[in-house]
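> build the 3D model from these lines:
(one chain, ligands or ions: 2)
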Amino acid sequence: MSAEKLLAKRVQDMVLRGEEDQLPSPYICRNKDKYEDDHDDHDDDVHVAPIPIIDLNQAYVDHPEQLQSLKLALCSWGCFQAIGHGISSSILNNVRKVVKEFFEQPMEEKNKYAKKVEEFEGYGGDPPPEEGQPLDWQDRLCLEVYPQHRRNLHFWPQNPPSFREVLEEYMGKIRLMTETVSKAMARCLHLEEECFLNQFGEEALIQARLNYYSPSRRPDLVMGLKPHADNSGYTLILQDEVQGLQILKDGKWLTVPANTQAILVLLGDQMEIMTNGAFRSSVHRVLSNAGKVRTSIAVFYTPEPGKEIGPVDGLINEEMNKPRMYKHVKDYADQYWEYYNKGCRAIHIAQL
Ligand SMILES: O=C(O)CCC(=O)C(=O)O
Ligand SMILES: [Fe+2]
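Numbers count the residues shown, from 1 in each chain. Ligands and ions are numbered 1, 2, ... in the order given. Sure, this is the predicted structure:
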């Protein structure tokens, strides 16, 4: 069956209907040659990553030691687990709960928010990749959240009844968190604290992607989300208690611990450009598993459309051996998706 046709179906629906025995080939992206082999034969030994934990509480975030830890985390891991983010456990639990409840409703209810196959916003699967590229073993609901005038409320679920209110509360807090994080990122590099915020701009995009990973009988063959680096400046990820997210570090896939109280801050390509490569965006993927549903809420924080971004001056010094490594770019997303759909990274388009 073609990718377009498959993308009109939901993975969750295939799993619930027991249609997985005939696993459609566009989903198969791993161990292709082992398709006929022993079902238990797969190599996902889990190496849990000691990802740095950073306390964003105002009382600590500007301490030289904390800033130094932040810099180390971002330069060597490309991510950190944020605690002290000011979002209460009850808000975190509520948002996870309504997201799960949304996906656990009948298809008919969810399809009220269905996207067109080629489009991005709404409920469904990602737009079709190029021919031959695998499909992800997941369903998701993508929503534009800020600036507020970009919201398309017809995609915002009305069921469960508290969905909109709970998401709105969470996203308001996340927006505040982006200010703290952007300032701390500047300060840890000894830059003027508004320098990244100014590049993101007043109309910076904040988009939510609610991910639902159904279990798979063949986690050795499919992938929840294929390897990629995000197009964003950075991404804020709230996980549930089921592991699955992995980051690529020094050529090895390492599992991100499922810390339900922390929000993972993961660098995207546009922060790599703005820091002239001092920070590197993190390549990551999500594994499928045989037993449990996994949900996550990824929020992409991305410079305002039409705004030029580039390496900040303080990170370029030709005489001090810190040459400019990246160009100025505008609407990086447009080219990013072309490469993403081919299963490639796009960062080279900004590199000098
Ligand atoms: O599910 C996750 O933990 C990560 C999701 C992700 O990488 C994305 O939505 O871009
Ligand atoms: Fe991602």
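> how about the closest residue to residue 262 other than its chain neighbours, secondary structure?
Counting by Cβ to Cβ, 6 or more residues apart in numbering, residue 262 lies nearest to residue 81, which is 3.9 Å off, once chain neighbours are set aside. In this view, the C-beta of every residue, glycine as well, is placed from N, C-alpha and C. Counting by DSSP: H, G, I helix; E, B strand; the rest coil, the backbone at residue 81 sits in strand.
> distance of residue 81 relative to ligand 1?
12 Å (Cβ to the nearest ligand atom, to the nearest Å).
> pLDDT at that residue, what is it?
Predicted confidence (pLDDT) for residue 81: 98.
> how many other residues sit next to it?
For residue 81, the count of nearby residues is 22 (other Cβ atoms under 10 Å).
> list the contacts of it.
Going by Cβ atoms under 8 Å, 6 or more residues apart in numbering, residue 81 touches 51-54, 257, 259, 262-265.
> can you give me the helices in the stretch 151-300 of the chain?
Taking DSSP state H, counting those that start in this stretch, the helices of the stretch 151-300 of the chain run over residues 163-188, 195-200, 269-274.
> okay if I get these as CSV plus mean neighbour count, distance to ligand 1 and mean pLDDT?
What follows is the helices of the stretch 151-300 of the chain, written out as CSV (neighbours: other Cβ atoms under 10 Å; distance: least, Cβ to the nearest ligand atom, whole Å; pLDDT from 0 to 100):
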stretch, mean neighbour count, distance to ligand 1, mean pLDDT
helix 163-188, 19, 14, 98
helix 195-200, 20, 18, 98
helix 269-274, 27, 12, 98
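> for the worst-scoring helix or strand of the chain on mean pLDDT, which positions count as buried?
Across the helices and strands of the chain, mean pLDDT, DSSP states H and E gives its lowest value to helix 58-61, namely a mean of 78. By 16 or more other Cβ atoms under 10 Å, the buried positions in helix 58-61 come out as residue 61.
> check which element follows it along the chain.
The helix or strand immediately downstream of helix 58-61 is helix 64-76, counting by DSSP states H and E.
> how far away is residue 140 from residue 6?
15 Å (Cβ to Cβ, to the nearest Å).
> give me the distance between residue 299 and residue 264.
Distance from residue 299 to residue 264, by Cβ to Cβ: 11 Å.
> for ligand 1, what are the nearby residues on the stretch 151-300 of the chain?
For the stretch 151-300 of the chain, the contact set with ligand 1 under Cβ under 6 Å from any ligand atom comprises 209, 211, 225, 230, 237, 239, 245, 284, 286, 296, 298.
> okay, now the fourth one: neighbour count?
Applying other Cβ under 10 Å, we find 25 other residues in the vicinity of residue 230.
> neighbours of residue 220, just the number please.
Neighbours of residue 220 (other Cβ under 10 Å): 22.
> residue 28 is in contact with that one, correct?
No. Assessed by Cβ atoms under 8 Å, residue 220 is found out of contact with residue 28, at 9.9 Å.
> redo the residues of the stretch 151-300 of the chain next to ligand 1 as CSV? Include pLDDT.
Shown next, in CSV, are these (pLDDT from 0 to 100):
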residue, pLDDT
209, 98
211, 98
225, 97
230, 98
237, 98
239, 98
245, 98
284, 97
286, 97
296, 98
298, 98
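> with those residues in mind, which one is nearest to residue 181?
residue 237 (12.8 Å; Cβ to Cβ).
> identify the bridge partners of the closest residue to the closest one other than its chain neighbours.
Nearest residue to residue 237, sequence neighbours excluded (Cβ to Cβ, 6+ apart): residue 264, at 4.3 Å. On the basis of DSSP bridges, residue 264 is bridged to residue 81, residue 237.
> how much space between residue 264 and residue 298?
Residue 264 is 9 Å from residue 298, by Cβ to Cβ.
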